[in-house]
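>>> only the shape, not the letters, is given here:
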């Protein structure tokens, strides 16, 4: 799953399409306007004002693969004023083009004049604006999906959105932050999507003769109490390639209603930490000989830097005692401070124990090293 | 490779990794073969606790388990805890075969969030958890999926496993002769993530981790010496992950930090 955001980055890509029945022509297109909705038409000093205010938006550089499954999409505006409650009734559609071209004001070429998606979303909202408040449109997943499903769509193309009046009562407008004065607060498009085909999913491969302990145990079935969305099926031969998701949600979570990976015990779209081994490394030195440190290692020979967690317990004498602590570790006694550390090479985990101070004891450093298969990629 | 069960991850270059040809376990959310047990972390419990002084949390496992602990050092800012910290912040944890021991010597209560994991990894245990409901279970080589011991399993969906929700590499340049240098990385998540981090210094072929110096010399009579670089701590908030270093060397140092966001920190 991936999420991209794109903010309007140019005046011309936020074009306000305005209608007044007394104008000729009746439509004008303006940048830097910052209002959507309907104002009652009125005349002042011979000029007509008010009318319908629609908005065309062009978001460029949308890096979503063709055919990707859109999971969520919205546009976030910010209030540009505070005031009384108002009700807007708008419709949100996409511009049904592979790569929407730049808008123009003369002649007007914007969302109103271009082909529109079949998918449409009502934005009917009653709210009290407060300057600076972020306000989301309803989810426009189906609008975005129709555009990226176009055969001619490709990653990096521009998406056009048209938001227009759909029955707003005159006198209700939404003042929004616009690019000319508020480039960092202007409309923001957020899209969450799955890569690959709209039918989804990672591939699961199952061996022709699956081990009973791996896959055919009666316990190996998807959970009904924990809302999995799919379970892999097993075929004796040949190897079976499935395209499915394996999701196991945490208690009281609907696996089909959330894409938050932290709501799942297992989510097959995300990597996992995989233990490789747990090693005990005991090192010691006799401080009465003048030694103050010891070193040990575990050879993993993975030829990369693996993910590692280490604990250590430090004691003197022959009997292990005390708690393990995460390593690196620092401690102190009456006359001695002691410390433990480790580092990771491409072939070994190297552990160190050391004291500072006056001691004639034999010091033991007992390390527990959890080595994971995961590559740190450093 | 004999019997396999692999669930591929998305390939950043498009599509998914090929389960028939790809043998890198890092490319799979689940990777099972008949030669090696790639055991997935199994979470026993996650809980939060206000700590001022010492708090013992009985884990009931009779062996030393792996634990992950974070503390809220200020409102909405969480720091990964290890042992007694080198910057003397006064927050750390210890563990034995009976308890997870949470420590706060600062004098003011802090919220600790801790996770305890089942994985003894090396062997089985006395755990006997009755399987109820339906789960997906993959047992270790030679073990039964019907075993009540989580340590006999590679994967058991009865238990939460850490998901690598995001991983990132940040290249930083440490100023010369300067301690307490902080660098932030936006994580882009809509929650505060639990993180772990590792660092590598340019020209030094080894990785070191949080709360440590980068050791490059050692002797039994002299102890160890470091390159002069210390990785003090890692902390997270709703927007950023912050890495803090010391550089006692009179020249700039280039360090790469690899960070993993594994879970929601306070869930």
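That came through fine. Computed from a predicted structure; not experimentally measured.
>>> average model confidence for stretch A:325-334?
Model confidence over stretch A:325-334, given as mean pLDDT, is 86.
>>> flag every buried residue along that stretch.
Going by neighbour count (16 or more other Cβ atoms under 10 Å in any protein chain shown), the buried part of stretch A:325-334 is A:325-331. All C-beta atoms are positioned from the backbone trio N, CA, C, and that covers glycine.
>>> just the residues you listed that are near chain B?
The subset of the buried residues of stretch A:325-334 lying close to chain B, counting by Cβ under 8 Å from any Cβ of the partner chain, consists of A:325-331.
>>> any buried residues in stretch B:10-23, and which?
Within stretch B:10-23, the residues scored as buried using 16+ other Cβ under 10 Å are B:10, B:16-17, B:19, B:22.
>>> if we can go back for a sec, which pair in the buried residues of stretch A:325-334 has the greatest spatial separation?
The largest separation in the buried residues of stretch A:325-334, counting by Cβ to Cβ, is between A:326 and A:331 at 12.1 Å.
>>> tell me where the stretch 1-150 of chain B has strands.
Chain-ordered strands for the stretch 1-150 of chain B, with DSSP state E, counting those that start in this stretch as the definition, fall at B:5-8, B:28-32, B:39-40, B:43-51, B:53-58, B:67-74, B:77-80, B:91-95, B:99-104, B:110-117, B:137-139.
>>> for the residue in the stretch 1-150 of chain A that chain B sits nearest to, which non-adjacent residue is closest in space?
Nearest to chain B in the stretch 1-150 of chain A, going by Cβ to the nearest Cβ, is residue A:65, at a distance of 6.6 Å. Ranked by Cβ to Cβ, 6 or more residues apart in numbering or on different chains and with sequence neighbours excluded, the top spatial neighbour of residue A:65 is residue A:155, at 5.2 Å.
>>> for that neighbour, grab the count of nearby residues.
A total of 14 residues lie near residue A:155 under the criterion other Cβ atoms under 10 Å in any protein chain shown.
>>> same deal with residue A:36?
If we define neighbours as other Cβ under 10 Å, then residue A:36 has 24 of them.
>>> and what of the one 5 residues further on?
By the criterion of other Cβ under 10 Å, residue A:41 has 16 neighbours.
>>> mind listing what's buried in the helix or strand in which it is found?
Mapping residue A:41 onto the secondary structure by DSSP states H and E places it in strand A:35-44. With burial defined by 16+ other Cβ under 10 Å, the residues of strand A:35-44 counted as buried are A:35-39, A:41.
>>> isn't the residue of the stretch 1-150 of chain A closest to chain B up against residue B:14?
Yes. The pair residue A:65 / residue B:14 is scored as a contact, 6.6 Å apart, by Cβ atoms under 8 Å.
>>> just checking, the residue nearest to residue A:65 touches residue A:63?
Yes. Assessed by Cβ under 8 Å, residue A:155 is found in contact with residue A:63 at 4.9 Å.
>>> now flag whichever of the ones next to chain B among the buried residues of stretch A:325-334 is closest to residue B:215.
Distance to residue B:215 across those (Cβ to Cβ) is lowest for residue A:328, with 9.7 Å.
>>> OK, contacts around the closest residue to the closest one other than its chain neighbours?
Nearest non-adjacent residue to residue A:328, counting by Cβ to Cβ, 6+ apart: residue B:212, 3.8 Å away. Applying Cβ atoms under 8 Å, 6 or more residues apart in numbering or on different chains to residue B:212 gives the contacts A:328, A:341-343, B:86, B:230-231.
>>> can you check the pLDDT for residue B:212?
With respect to pLDDT, residue B:212 has a value of 91.
>>> which element, helix or strand, includes the residue nearest to residue B:206 when sequence neighbours are not counted?
The shortest distance from residue B:206 to any residue other than its chain neighbours is 4.4 Å, reached at residue A:343 (Cβ to Cβ, 6+ apart). Assignment of secondary structure by DSSP H and E places residue A:343 within strand A:336-344.
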